[in-house]
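Next comes the sequence, and after it the predicted model I'd like to discuss.
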Protein chains: 2
Amino acid sequence: MAKIPQSHPRRKSLISRKTIVEATKNGLLADSAMIAHGRGEAFDYLLGEKTSDIAELSIKESAARLKLAKNPVISINGNTAVLAGKALIRVAAVLQCPIEINIYYRTEERMEKLYDFVKLQRLNVSKEEKPKNWAGNWEKTVMAVKILGREEDGRIEGLEGPRSICSAEGIEKADVILVPLEDGDRCEVLVSLGKEVLVVDLNPLSRSAKMATVTIVDEVSRMADLLLEYVIANTSKEAQWDNDAALKESLRIISNNANK
Amino acid sequence: MAKIPQSHPRRKSLISRKTIVEATKNGLLADSAMIAHGRGEAFDYLLGEKTSDIAELSIKESAARLKLAKNPVISINGNTAVLAGKALIRVAAVLQCPIEINIYYRTEERMEKLYDFVKLQRLNVSKEEKPKNWAGNWEKTVMAVKILGREEDGRIEGLEGPRSICSAEGIEKADVILVPLEDGDRCEVLVSLGKEVLVVDLNPLSRSAKMATVTIVDEVSRMADLLLEYVIANTSKEAQWDNDAALKESLRIISNNANK
């Protein structure tokens, strides 16, 4: 793909696209990851390619829930690792929670590749300046973030076959799970197990979006940067989170953008 | 990818997705073809995955314009060949016009692969029953459809580099061009050359959609089947085609579906 000019109005979106194409070539992503990315692009386009007020509110709510959790975990798939892995490692460091690599089309080869990829991201993040308003030993805290997923020693009750595989110390044990770009079936089962499921999905009509405890309708890398700010800041949970109302608000934005 | 159950409510969409993934593996499509397909999926989802009344009207208008043309041509890229190649060969046979393979990321290898692919589609179509309400020797008529694109002997004035390459007998000479999934720049230039450009694009906000003479906001394979019916039937052109109004109507449908 050609170089993207600095001045291009949709530069960020085009860089993400390029990243996804290259990661596919490198074997990090499943066959249909590019198709999923394209769907996301279309919804993001209709959302104006920016974080809406309701998305920011759902990010704040998710931050508060992750901080209140006893065993929070951040589950990432290939697309998430590639687009927002570093930002989510920062979030995991601040929360002192593990990252679990959990992929829909699981193959050992891809799992190993993603593990190496995320491990390198962790190393790079550990060498960064510590985030604003955060106090502590950044390098040590980042390097302490566990990268789970390869051990396959946990199960998600209610799912069959490879989809049920998870980490015992990660998703199985977790009370609150942040799962960007999640699949609808699994989201439903995780909620039915009594876990709080915080989903990031650009399609407010998707099954995961509807099933989640909190749905963040936003692009995953924009969301992750903002989530970091909110997990560092002192934020509090809403007395009651109305996820249906939040989804309706995102749909209203899409509807307005289509009709203007 | 797993087998898609007969009863799946989105079976057609999932089969298209599988087709695109397999064609990519076979080297028929460019790197980002899957991303483009994903974007289309999202818009089609918001359109209810069916041909709207306004889309049908724009198909009818396009059929009438193709029939009135002196030198009509159907330009197809990789995604179009894979999803709707056979249906468009049927249309070309009825119109007795050429098909031109014209791809954005042109490589000789991919051009040869697509040529062989479309040639085989033509052979298969020639062996089918002739379409309903059409009279003549189907096999002979189909086999007479020229497959242009490899000869690179034409130029699109106003474009630079590989994007300007076309067939002298095809796009260069044509007065009316049907171009599914077209790129915005090229669409604009073709219109500026005085050609009628009939675009198929699921995104009514895209530059091609806005630039085209007639925009068909519909999925390319559904569109192609319907177009065949209209080129066989006696249809007439509108006195005046208001493409902006047609696009607004498609946007209204998306907006309503998002907000219901």
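Now that the structure is in, tell me what you want to look at. Numbering: from 1, shown residues only, chains lettered A, B, ... in the order given.

pretty sure A:D201 contacts A:A209?
Yes. Judged on C-beta atoms under 8 Å, A:D201 makes contact with A:A209 at a distance of 4.6 Å. In this view, the C-beta of every residue, glycine as well, is placed from N, C-alpha and C.

what's the overlap in contacts for those two?
Here A:D201 and A:A209 share the contacting residues A:215, A:217, scored by C-beta atoms under 8 Å, 6 or more residues apart in numbering or on different chains.

who's more crowded, these two?
A:D201 (27 against 24; other C-beta atoms under 10 Å in any protein chain shown).

Looks like A:K86 contacts A:N124 (just checking).
Yes. Using C-beta under 8 Å, A:K86 makes contact with A:N124 at a distance of 6.7 Å.

Looking at these two, which one has more neighbours?
Higher neighbour count among A:K86 and A:N124: A:K86, with 18 against 13, using other C-beta under 10 Å.

show me what contacts the more buried one?
A:121, A:124-125.

again, but for A:L95
A:66-67, A:72, A:74, A:231.

Report the two of those separated the most.
A:K67 and A:I74 (12.9 Å; C-beta to C-beta).

More neighbours: which of these two?
Neighbours were counted for A:K67 and for A:I74 using other C-beta under 10 Å; A:I74 has more, 27 against 19.

Quick check: residues of the stretch 101-250 of chain A near chain B?
A:203, A:205 (C-beta under 8 Å from any C-beta of the partner chain).

Strands of the stretch 101-250 of chain A, start to end?
With DSSP state E, counting those that start in this stretch as the criterion, the stretch 101-250 of chain A has strands at A:147-148, A:154-155, A:165-166, A:176-180, A:196-200, A:214-216.

Give me the residues contacting the last one.
Contacts made with strand A:214-216 from outside it, assessed by C-beta under 8 Å, 6+ apart, are listed as A:55, A:58-59, A:61-62, A:65, A:196-201, A:204, A:208-209, A:223, A:241, A:243, A:246-247.

for it, the distance to its chain's centre please.
In terms of C-alpha atoms, centre = their mean, to the nearest Å, the centre of strand A:214-216 is set 11 Å apart from its chain centre.

Show the buried residues in the contacts of strand A:214-216.
A:55, A:58-59, A:61-62, A:65, A:196-201, A:204, A:208-209, A:223, A:241, A:243, A:246-247 (16 or more other C-beta atoms under 10 Å in any protein chain shown).

Include mean pLDDT and distance to A:L29 when you put the strands of the stretch 101-250 of chain A into CSV, please.
CSV is the format used below for the strands of the stretch 101-250 of chain A (pLDDT from 0 to 100; distance: least, C-beta to C-beta, whole Å):
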stretch, mean pLDDT, distance to A:L29
strand A:147-148, 98, 18
strand A:154-155, 95, 23
strand A:165-166, 94, 19
strand A:176-180, 95, 14
strand A:196-200, 97, 17
strand A:214-216, 97, 22
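
and the closest residue to chain B within the stretch 1-150 of chain A, how many neighbours?
Proximity of the stretch 1-150 of chain A to chain B (C-beta to the nearest C-beta) peaks at A:G38, 2.1 Å away. Using other C-beta under 10 Å, A:G38 has 23 other residues around it.

In terms of helices and strands, where is it?
helix A:33-46 (DSSP states H and E).

residues contacting the residue nearest to the spatial centre of chain A?
By C-alpha atoms, centre = their mean, chain A has its centre lying nearest to A:P180, at 3.0 Å. For A:P180, the contact set (C-beta under 8 Å, 6+ apart) comprises A:75-77, A:80, A:84, A:88, A:199-201, A:220, A:223-224.

residue ranges with poor pLDDT in the stretch 151-260 of chain A?
Of all residues in the stretch 151-260 of chain A, none has pLDDT under 70.

where exactly do the helices run in it?
All helices of the stretch 151-260 of chain A, identified by DSSP state H, counting those that start in this stretch, fall at A:184-192, A:207-211, A:220-232, A:243-258.

so which of these gets nearest A:A93?
Comparing these by C-beta to C-beta, helix A:220-232 comes nearest, at 9.3 Å.

Report the distance from the closest one to the chain centre.
10 Å.

helices and strands around it, which ones?
On a contact count with 3 or more C-beta pairs under 8 Å, 6 or more residues apart in numbering or on different chains; DSSP states H and E, helix A:220-232 meets helix A:53-68, helix A:78-95, strand A:176-180.

what about stretch A:34-47, average pLDDT?
Averaged over stretch A:34-47, pLDDT sits at 94.

Touching it from outside, list them.
A:13, A:16-17, A:20-21, A:24, A:79, A:181, A:202-204, A:217-219, A:250, A:253-254, A:257-258, B:17, B:20-21, B:32, B:34-43, B:45-46, B:203, B:205, B:254, B:258.

Hmm, A:S250 is touching A:L57, no?
No. Contact criterion C-beta under 8 Å: A:S250 and A:L57 do not qualify, at 10.9 Å.

Please tell me how far the spatially closest residue to A:S62 that is not a sequence neighbour sits from chain B.
Spatial nearest neighbour of A:S62, excluding adjacent residues (C-beta to C-beta, 6 or more residues apart in numbering or on different chains): A:L198 at 4.3 Å. Note on A:L198: its distance to chain B, by C-beta to the nearest C-beta, to the nearest Å, is 22 Å.
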